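1. Next one to model:
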Amino acid sequence: MVQLYNLHPFGSQQVVPCKLEPERFCGGGRDALFVAAGCKVEAFAVAGQGLCQPRCAFSTLGRVLRLAYSEAGDYLVAIEEKNKATFLRAYVNWRSKRTENSRVCIRMVGHDVEAPFSETFRDQMSIVEMPLSEAPLCISCCPVKGDLLVGCTNKLVLFSLKYQIINEEFSILDFERSLIIHIDNITPVEISFCIGYVAVMSDLEVLIVKLESDPKNGESVNHHPLKTNNPVKLPEDISNETLQLESDDFVICQKPMELLGEKSKQSGISVTLESTGLADEKIKYFHVQQLLYRRFAPDISSYVLSDDIKLHSLQLLPIYQTGSLTSERKNSSQEKELLSLFCFFSLPHVGYLYMVVKSVELMSVYQYPEKSQQAVLTLQFLHVITSSGHVGSWPPPCSVASLLFLSNNLQCYTVRCSAAAAREEDPYVDTTLKACPPVSMDVCALRIQLFIGLKAICHFKNHVILLTKADPETIPERRESPKRLLSRKGTSVNLKTPPVAEAGWNLYIVNTISPVQLYKEMVDYSNTYKTAKTQSCIHLLSEAHLLVRAALMDASQLEPGEKAELLEAFKESCGHLGDCYSRLDTQYSHLALPYYKMSGLSMAEVLARVDWAVEDGSQKYERGLIFYINHSLYENLDEELSEELAAKVVQMFYVAEPKQLPHILCSPSMKNIDPLTTISYLRKLDTSGFSSVLVTLTKAAMALKMRDLDMHRSEMKNHSEMKLVCGFILEPRLLIQQRKGRIVPTEFAVHLKETQPGLLVASVLGLQKNNKIGIEEADSFFKVLCGKDEDTIPQLLVDFWEAQLVACLPDVVLQELFFKLTSQYIWRLSKRQPPDTTPLRTSEDLINTCSHYGLISPWVNVLISSESLADKNYMEDLSKLQSLICGPSFDIASIIPFLEPLSEDTVAGLSVHVLCRTRLEEYERCIDRLLERCPEAVIPYANHELKEENRTLWWKKLLPELCQRVKCGGEKYQLYLSSLKETLSVVAVELQLRDFLNVLPEDGTAAFFLPYLLYCSRKKSLT
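-> So this is what the prediction gives:
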């Protein structure tokens, strides 16, 4: 379905001052127009407003049958006819042509230029002759690389653009015939070429292939034809039968066919590559991939003329990578990177637009109200010449006088290329961040402009070039047989000599108005649909949005300063679309959010655009607006609504989405809301359908805002602590908010820190467990809440870390958490720094509730009791550290380097060091430290640690050490002696008599060791 609007995409028009009736014409880059007539080509300079002035003229070999220009290389190429022979010639350095009689150099393609003549090419035009074995039928230039593709019968010839370097400052343009593409069973009428993509069109068929480079297959080319697929061959008997049926009484019509991607190989058309470049040259293309094959078979019952059943206007349209709509991009053709590619072709009454690059799919179908003659596709529009004459038998039943005024139309349609390219370029399109009108949206006709005798059209820059001729005798010489027209075997391209020029023609340059001006007209036009609230308003505004988006993508066509104006129009169009989707009740109402985001409007500016008028005493708020405001308030935007706007938002959600009211009240943007107004709405809520605890917490937060502590305490008593934690999990912003990218604790969180720190820690732990807050965010929250800098750890954060261990959260890295806790314990012990608040858990609580805190070894208590440690907080930190070290999950080796601040000179430090060394099984070193510092702890240590395979240390390490220290005497003689007696008792039990005697010192007193020897000797008899 094509919608029709009466807009004005065309502006002023200028007459091109041609001397002869144009036969062929084309645009030349940014500033030139070429017109071929007779045996001459005229070049015109085109200024910004379409002003056209003669620039130069040069003669051709014969009449020009086809004409094309390449911006890459800045050359003109033509197929010319002389004496019924066709020639292919390229006109290089044409800008140096000053007068028609200026000298011209003619050279053959690929021939090296001799040194004496090279400098003469600087200031004169060169004509490059490109001989072919077959007559050229059509041509196309690659817009990026400048390579030339020539269509001949059953084959295409590729001439690669290259430069002959004369010296460091000068090089001349040349071509090399590098590839021949053999295409069986199809004769090209039109071709189009762009960066390896080739589109070929015959009268009723279209084939698109991609030339690919694959180094792995490079050796298989070697300048020989490379067959890329197995063509479908008809059996011989079927072919003969077909030939017999093709008589004057029968018409053989093959059925319509559309094959996409890999299926296009089933078309029966064989495509092979033959490399013709020099053997030492790098081969560009190695194999070919078929992308699309389409064959048409129209109903011939209503057609007689050959043109009525032929395809026309084949075109490949590239879109290049732009980075972003706001980034600067260079316009050099060498730096262009293909983003998307589109292919257009047309039947007389239907046009087809395909997307080609990443996937091949039909994007749009254009149904013309009249028969089309020619079309040209741009990034923004599709311009079509149509005929309003009779489309049945010829001549139509009208007089010659009426034929004189037989009119044509220039129709301007919208295209969806920018919508498809936007999705290729930006992965965030079609998300909550960005949006773009869909590719599937119906196209529309912006204008149908009446002209008299339109014959041909071309487009370049922002201009449409039109050839008109009021010709009353446009009657074919004879009627063609339908059989000749539809048979593929009978297809041929006859490039007839144009008739002699006659009066009554004009060549116009029609300027398309600037995208911004047309955009404004479309916006004004859309205002007529606003009151009706129809989809037409969205459709027209979407067209305006795509128009601006396409202009931004085609940065090479922008005038200086025009981009800023387009960006402003782009944002404005996003705002208009946001308004539509927010006000109209459609299934796409959610699109209001991304469009408003792209518009750059603040939430207050969006709310100011809302019509708050109440009709019939009731207010209705559409889904799009609710979705946008709800999502925006959830995003923690750094924007605070005024009290008046905040009150309107509360009223809106109370009416439309009452379940969301507690949530939106917790947004930082609603900071200025009147708490009395809020509580009045919250009290009227029916909480049967959602969480009542969330409403309770919201009212408690508002009571704090009003400094009504009694009301706050009353609300908090309505639910148990576990339910309150669940309420905070449902709405984390009751405790934690983000402003300008920083975590900010709420007034509620500050109050809980003072009154219910356990509830606060449990709530944040619940948030982390439910993925509502990250580990680093939680740490930052407690630091900010307690007013500490990054290097200072508040006790509330230590409580939170301990709670994490108790809860055994699966996503918490245990060793990292152990490191945090042990580092803090060690720092406070070494500095004798008490915690800033009372810890929520004692060491005994942690040992009883958390498996990661182990039972402290008994010998540690003996060691600690040797000195008086009166500070309770100090003892708690020490016990927690010792318990962690004794736990099963702690990695001892990782903490050893951090024990340095905790000196072994203190009993606390000694206990920690000995515990760590024991976990590392350095028992002998521990025994030495204990014997030296605290002998009374040696025997408890040995009883607890020296077991099983380590029991040998009793007599190998402990017994000799004690004997030696007893012999030396000293202040600790009695302690050593007592420990020696206990050690001998253990050794006497463990060893046999002979072994026991071997471990006793040789210089010992027999009377001292005799009781232990007697016990050891009786042990065997007792057993």
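
2. Buried residues in stretch 562-581, which are they?
-> For stretch 562-581, burial by neighbour count (16 or more other Cβ atoms under 10 Å) applies to 562-563, 565-566, 569-570, 572-581. (Each C-beta comes from the backbone N, C-alpha and C, glycine too.)

3. contact partners of that stretch?
-> Residues from elsewhere that reach stretch 562-581 (Cβ atoms under 8 Å, 6 or more residues apart in numbering): 325-326, 435, 514-516, 519-520, 523, 526, 537-538, 541-542, 544-545, 548-549, 551-552, 555, 558, 588-593, 595-596, 598-601, 606, 609, 624, 628.

4. Pull out the buried members of those.
-> Counted by 16+ other Cβ under 10 Å, the contacts of stretch 562-581 give 325, 435, 514-516, 519, 523, 526, 537-538, 541-542, 544-545, 548-549, 551-552, 555, 558, 589-593, 595-596, 598-599, 601, 606, 624, 628 as buried.

5. now, which of these lie within helices?
-> Residues of those located in helices (DSSP state H): 515-516, 519, 523, 526, 537-538, 541-542, 544-545, 548-549, 551-552, 592-593, 595-596, 598-599, 606, 624, 628.

6. Quick check: the farthest pair among the buried residues of stretch 562-581?
-> The most widely separated members of the buried residues of stretch 562-581 are Glu562 and Tyr581, with 28.3 Å between them, by Cβ to Cβ.

7. just the angle between the lengthiest helix in the chain and helix 592-599, please?
-> Identified as the longest helix of the chain according to DSSP H is helix 562-583. Relative orientation of helix 562-583 versus helix 592-599 (axes from the mean of the first three to the mean of the last three Cα atoms, to 10 degrees): 160 degrees.

8. now helix 562-583: mean pLDDT?
-> What helix 562-583 shows for mean pLDDT is 92.

9. Then stretch 673-683?
-> pLDDT averaged over stretch 673-683 gives 92.

10. likewise stretch 839-848?
-> Averaged over stretch 839-848, pLDDT sits at 93.

11. Put the alpha carbons of it into CSV.
-> The C-alpha coordinates for stretch 839-848 follow below in CSV (Å, rounded to 0.1, in the frame of the first residue of the first chain):
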residue,chain,number,x,y,z
PRO,A,839,30.2,-5.0,66.2
LEU,A,840,27.0,-6.8,65.4
ARG,A,841,28.5,-10.2,66.0
THR,A,842,31.0,-11.6,68.5
SER,A,843,33.6,-14.2,67.7
GLU,A,844,31.5,-16.8,69.5
ASP,A,845,28.5,-15.9,67.3
LEU,A,846,30.5,-16.3,64.2
ILE,A,847,32.0,-19.6,65.3
ASN,A,848,28.6,-21.0,66.1
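
12. Buried residues of it, list them for me.
-> Buried-residue list, stretch 839-848, by 16+ other Cβ under 10 Å: Pro839, Leu840, Arg841, Ser843, Leu846, Ile847.

13. Now for these: which two are most distant?
-> Every pair of the buried residues of stretch 839-848 checked by Cβ to Cβ; the farthest is Leu840 and Ile847, at 15.0 Å.

14. for the stretch 901-1023 of the chain, what are the low-confidence residue spans?
-> Residues of the stretch 901-1023 of the chain meeting the criterion pLDDT under 70: 1020-1023.

15. Run through the strands of it in chain order.
-> Counting by DSSP state E, counting those that start in this stretch, the stretch 901-1023 of the chain has no strands to list.

16. what does the stretch 601-750 of the chain give?
-> Using DSSP E, counting those that start in this stretch, strands in the stretch 601-750 of the chain cover 736-739, 742-745.

17. which residues are contacting the last one?
-> Put plainly, it is strand 742-745. Outside strand 742-745, the residues that touch it by Cβ under 8 Å, 6+ apart are Pro668, Leu735, Ile736, Gln737, Gln738, Glu777, Ser780, Phe781, Val784, Leu785.

18. cutoff 10 Å now
-> 636, 668, 735-738, 752-753, 760, 773, 776-786 (Cβ atoms under 10 Å, 6 or more residues apart in numbering).

19. cool, and the first one?
-> Counting by Cβ under 10 Å, 6+ apart, the neighbours of strand 736-739 from elsewhere in the structure are 635-638, 640, 666-669, 671, 728, 743-746, 748-749, 763-764, 767, 772-773, 777-778, 780-781, 784-785.

20. in which helix or strand would I find Phe34?
-> Counting by DSSP states H and E, the element that carries Phe34 is strand 32-37.

21. Please export the C-alpha coordinates of that strand as PDB.
-> Provided in PDB are the C-alpha atoms of strand 32-37 (Å, rounded to 0.1, in the frame of the first residue of the first chain):
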ATOM      1  CA  ALA A  32      29.500  18.700 -13.300                       C
ATOM      2  CA  LEU A  33      26.800  17.600 -15.800                       C
ATOM      3  CA  PHE A  34      27.700  15.800 -19.000                       C
ATOM      4  CA  VAL A  35      25.300  16.000 -22.000                       C
ATOM      5  CA  ALA A  36      26.000  14.000 -25.200                       C
ATOM      6  CA  ALA A  37      24.400  15.000 -28.500                       C
END
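
22. what mean pLDDT would you report for it?
-> Taken as a whole, strand 32-37 carries a mean pLDDT of 93.

23. After it, which helix or strand is next? Please name it.
-> Defined by DSSP H and E, the subsequent element after strand 32-37 is strand 40-46.

24. who are the neighbours in contact with Tyr681?
-> Listed by Cβ under 10 Å, 6+ apart, the contact set of Tyr681 reads Ala647, Val650, Gln651, Phe653, Tyr654, Pro658, Leu661, Pro662, Leu665, Ile673.

25. Buried ones among these?
-> Buried among the contacts of Tyr681 (16+ other Cβ under 10 Å): Ala647, Val650, Gln651, Phe653, Tyr654, Pro658, Leu661, Pro662, Leu665, Ile673.

26. Leaving out chain neighbours, which residue sits closest to the first one?
-> What that stands for is Ala647. Of all residues not flanking Ala647 in the chain, Thr677 sits nearest, at 5.8 Å (Cβ to Cβ, 6 or more residues apart in numbering).

27. and the gap between that neighbour and Glu643?
-> Thr677 sits 9 Å away from Glu643, going by Cβ to Cβ, to the nearest Å.

28. now swap in Pro834 and tell me
-> With distances taken as Cβ to Cβ, Pro834 is found 45 Å from Glu643.

29. Then Leu931?
-> Taken as Cβ to Cβ, the span from Leu931 to Glu643 is 76 Å.

30. The nearest residue to Glu129 once chain neighbours are set aside: neighbouring residues, count only.
-> Once flanking residues are discounted, Glu129 sits nearest to Met108: 5.2 Å by Cβ to Cβ, 6+ apart. Neighbour count for Met108, taken as other Cβ atoms under 10 Å: 10.

31. got a list of what Met108 touches?
-> The contact partners of Met108, taken as Cβ under 10 Å, 6+ apart, are Val128, Glu129, Met130, Pro131, Asp174.

32. repeat for Met553
-> 319-322, 325, 329, 339-340, 379-380, 417-418, 421-422, 425.

33. switch to 8 Å and redo it
-> Going by Cβ under 8 Å, 6+ apart, the list of residues near Met553 reads Ile319, Thr322, Leu325, Leu379, Ser418, Ala421, Ala422.

34. wait, which of these is closest to Gly268?
-> Set against Gly268, the nearest of those by Cβ to Cβ is Ile319 (32.0 Å).

35. What strands line up against the helix or strand encompassing the closest one, and which way round?
-> Using DSSP H and E, Ile319 sits within strand 312-320. Taking DSSP bridges as the criterion, strand 312-320 sits next to strand 338-346 (antiparallel) in its sheet.

36. Since that was my last question, I'll sign off now.
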